[in-house]
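Participant: Quick one: sequence plus predicted model below, questions after.
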Amino acid sequence: QVQLVESGGGLVQTGGSLRLSCAASGLTFSNYDMGWFRQAPGKEREFVARINWSAVVKSYAESVKGRFPITRDNTKNTVYLQMNSLKPEDTAVYYCAARLLGGEYWNYWGQGTQVTVSS
């Protein structure tokens, strides 16, 4: 079955960095766009970043643009989110998701990894 497993979360001070990884299995990774989302306590899940299957097209939420580059390695079935210049408002559970090429909805989700930024 399809599994998306996030890792790399943790506690970091304001201004610090973390790199999240999401390892995918059970699917043909290069057939999927990949995305990162986050959900802070008491808030709805929100889009963070997206990368298409070939890593040519990327898009970002305004709140993270220029700070959180998204990359992928199709040979390792893994997508990454490099989180730089972290702020307390970045504190959330971060989820990766996979969307089949041409699809409208995100087909698969990971279980999430906690990122906490202390002030």
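Facilitator: Cool, got the structure.

Participant: quick one, strands of the protein?
Facilitator: Using DSSP state E, the strands of the chain run over residues 3-7, 10-13, 18-25, 32-39, 46-51, 58-60, 70-73, 78-83, 92-100, 108-109, 113-118.

Participant: what would the ones you listed look like in TSV with mean neighbour count and mean pLDDT?
Facilitator: Heads up, the C-betas are built off the backbone N, CA and C, glycines and all. Formatted as TSV, these follow (neighbours: other CB atoms under 10 Å; pLDDT from 0 to 100):
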stretch	mean neighbour count	mean pLDDT
strand 3-7	17	98
strand 10-13	13	98
strand 18-25	19	98
strand 32-39	23	98
strand 46-51	19	98
strand 58-60	15	97
strand 70-73	18	98
strand 78-83	22	98
strand 92-100	22	98
strand 108-109	17	98
strand 113-118	17	98
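
Participant: Contact partners for the closest residue to residue 59 other than its chain neighbours?
Facilitator: Excluding its sequence neighbours, the residue lying closest to residue 59 (CB to CB, 6 or more residues apart in numbering) is residue 50, at 4.9 Å. Shown in contact with residue 50 (CB atoms under 8 Å, 6 or more residues apart in numbering): 33, 34, 35, 36, 58, 59, 60, 70.
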